[in-house]
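# I'll drop the sequence and a predicted model, then ask my questions.
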Amino acid sequence: MRRFFTPGWLGIHLIAIVLFVAFLAFGWWQFERAQAGNARSWGYTFEWPVFAGFVLIMWVKMIRDELKASKEPPADPDAVPAEPVRVLTEAELIKEAEAENPELAAYNRRLARLAAQNRR
């Protein structure tokens with residue numbers, strides 16, 4: 001829990017609290033205007049609390065993500081991958097993509113032909 005009291009997290013907590021309170025206050029202000037006869041304010045009366053809820057949801061999600069990241073064991077930089085990584089060249093990547101989708105290959109050949117004609 002100590003990590004949530006670092007300067008960065010304290011800033012996030014402060015921003016979340018300020019936005020939550022401000023959005024609820026804006027909703028209350030619009031509610032008062034709506035009761036005074038401003039019909040357009042009825043929509044904003046319900047919109048501002050939704051914004052406040054979004055801030056609260058995102059704040060909780062950020063905290064959960066931080067807690068989940070801390071539970072995962074750190075990756076061992078010396079660990080050997082289970083399968084060797086094969087680096088593909090750009091030409092190999094294009095050939096694989098074209099083999100999977102012949103229509104895309106035909107379209108790319110047409111574009112290349114048009115580009116070559118345009119250069120002349």
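Nice, I can see it.
# roughly how far is stretch 23-37 from the heart of the chain?
Taking C-alpha atoms, centre = their mean, to the nearest Å, the mean C-alpha location of stretch 23-37 is offset from the chain mean by 31 Å.
# in this protein, which helix or strand is least confident?
When each helix and strand of the chain is scored by mean pLDDT, DSSP states H and E, helix 90-100 comes last, with a mean of 83.
# what packs against that helix?
With contacts taken as 3 or more C-beta pairs under 8 Å, 6 or more residues apart in numbering; DSSP states H and E, helix 90-100 sits against helix 102-119. Glycine gets a C-beta too; all of them are placed from N, C-alpha and C.
# which parts of the protein are strands?
With strands called from DSSP state E, the chain shows none.
# and the angle from the least confident helix or strand of the chain to helix 102-119?
130 degrees (axes from the mean of the first three to the mean of the last three C-alpha atoms, to 10 degrees).
# buried residues, helix 90-100. List them.
residue 98 (16 or more other C-beta atoms under 10 Å).
# pull the longest helix from this protein.
Longest helix in the chain, counting residues (DSSP state H): helix 41-71.
# quick revisit: can you give the distance of the least confident helix or strand of the chain from its chain's centre?
In terms of C-alpha atoms, centre = their mean, the centre of helix 90-100 is set 29 Å apart from its chain centre.
# what is the burial count for the nearest residue to residue 99 once chain neighbours are set aside?
Residue nearest to residue 99 in three dimensions, not counting chain neighbours: residue 105, with 7.8 Å by C-beta to C-beta, 6 or more residues apart in numbering. By other C-beta atoms under 10 Å, the residues close to residue 105 number 15.
# didn't residue 105 look like it was pressed against residue 98?
Yes. In terms of C-beta atoms under 8 Å, residue 105 counts as a neighbour of residue 98; the distance is 3.5 Å.
# find residues that contact each of those two.
Common contacts of residue 105 and residue 98 (C-beta atoms under 8 Å, 6 or more residues apart in numbering): none found.
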